[in-house]
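Undergrad: Predicted model, plus sequence, below.
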Amino acid sequence: MPDTTWIAGGKVETTGPSKFDLALGWIAKNRETFIGSLVILVAAAIFGVYFFMHYRGLRDTAWKNLFMAQQTGYGGNVAAAQQQLDTITASFGSTSAAPYAILTKGDIFFAQGKFKEAAAEFAKVAKDKELGPFAAYSLGKSKEAEGDLPGAIAQYSDFLSKHPEHFIAPEVHASLARTQELSGAKDLAKATYEKIVLLYPDTTWAMQAKARLQPAK
């Protein structure tokens, strides 16, 4: 039965059923569909909570394992540490700890003087949003240590073009100048040292650059 509402002048205005009444009517006519949809929504909510808790558990376990692997490596048991790091990347690759495990493995290789192997690990995370700059710089250092000066120069230059404002940029500039100098590109090295003095005045990087710019006695 339609609702009636009194308005000014004593007239009666008829109105249709409310939205709530319409909803109840639809549910009554489509009870199975409504119950099915409700079950799906509840199941989705339960699955979402389970997935979140499961992922958080995986993440926490991965970070604990990473800490243990780092302590093992720093303690001198490199082989065991590398095995633990490989397990983290294989079993917890979806967690935020995985790229840190790769970076740590690269650092261990570098400390061992295995620069080619270190470069391979750093390259895996060079495009990572958080660790990319550090991996990219370490990749350049690996190339430099390996004796690949053109590769190191290219890597340092690429870093500075992509991350000019990063807090390690002054150090990368210094590394670039050094490798340019070692490769015999004296003019390029001079220009890089002058850039360091200009960009980072009143810093130790600028002081070191000024010293390199002084003519040899």
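TA: Cool, got the structure. Numbering: from 1, shown residues only.
Undergrad: Can you give the domain ranges for this protein?
TA: 65-131, 148-217 (automatic domain parsing).
Undergrad: who touches residue 151 in this structure?
TA: Contact partners of residue 151, counting by Cβ atoms under 8 Å, 6 or more residues apart in numbering, are 140, 143. For glycine as for every other residue, the C-beta is placed from the backbone atoms N, C-alpha and C.
Undergrad: Show me which positions of the helix or strand it falls within end up buried.
TA: According to DSSP states H and E, residue 151 maps onto helix 149-162. Buried residues in helix 149-162, counted by 16 or more other Cβ atoms under 10 Å: 149, 151-153, 155-157, 159-160.
Undergrad: same deal with stretch 199-217?
TA: Judged by neighbour count (16+ other Cβ under 10 Å), stretch 199-217 contains these buried residues: 200, 205-206, 208-209, 212.
Undergrad: that older thread, could the buried residues of helix 149-162 be laid out in a markdown table, adding pLDDT and distance to residue 106?
TA: Output for the buried residues of helix 149-162, formatted as a markdown table (pLDDT from 0 to 100; distance: Cβ to Cβ, whole Å):
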| residue | pLDDT | distance to residue 106 |
| --- | --- | --- |
| 149 | 97 | 20 |
| 151 | 97 | 16 |
| 152 | 97 | 15 |
| 153 | 97 | 20 |
| 155 | 97 | 14 |
| 156 | 97 | 17 |
| 157 | 97 | 21 |
| 159 | 96 | 16 |
| 160 | 97 | 21 |
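Undergrad: Out of those, give me the two with the largest separation.
TA: Greatest spatial distance among those (Cβ to Cβ): 149 and 160, at 16.5 Å.
Undergrad: where does residue 135 fall, phi/psi-wise?
TA: phi -70, psi -40 (degrees, to the nearest 10).
Undergrad: Verify the stated contact: it with residue 107.
TA: No - judged on Cβ atoms under 8 Å, residue 135 makes no contact with residue 107 at a distance of 10.1 Å.
Undergrad: The two: which has the busier surroundings?
TA: For residue 135 versus residue 107, the count of surrounding residues by other Cβ atoms under 10 Å is larger for residue 135: 22 against 18.
Undergrad: and the gap between that one and residue 169?
TA: Distance, residue 135 to residue 169, by Cβ to Cβ, to the nearest Å: 15 Å.
Undergrad: Also residue 179?
TA: 16 Å.
Undergrad: pLDDT weak spots in this structure?
TA: Along the chain, segments meeting pLDDT under 70 span 1-58, 216-217.
Undergrad: Can you show me the strands along it?
TA: If DSSP state E is used as the criterion, the strands of the chain fall at 3-6, 12-15.
Undergrad: Count the neighbours of the nearest residue to residue 108 once chain neighbours are set aside for me.
TA: Closest residue in space to residue 108, ignoring its immediate chain neighbours: residue 73 at 5.2 Å, by Cβ to Cβ, 6 or more residues apart in numbering. Using other Cβ under 10 Å, residue 73 has 21 neighbouring residues.
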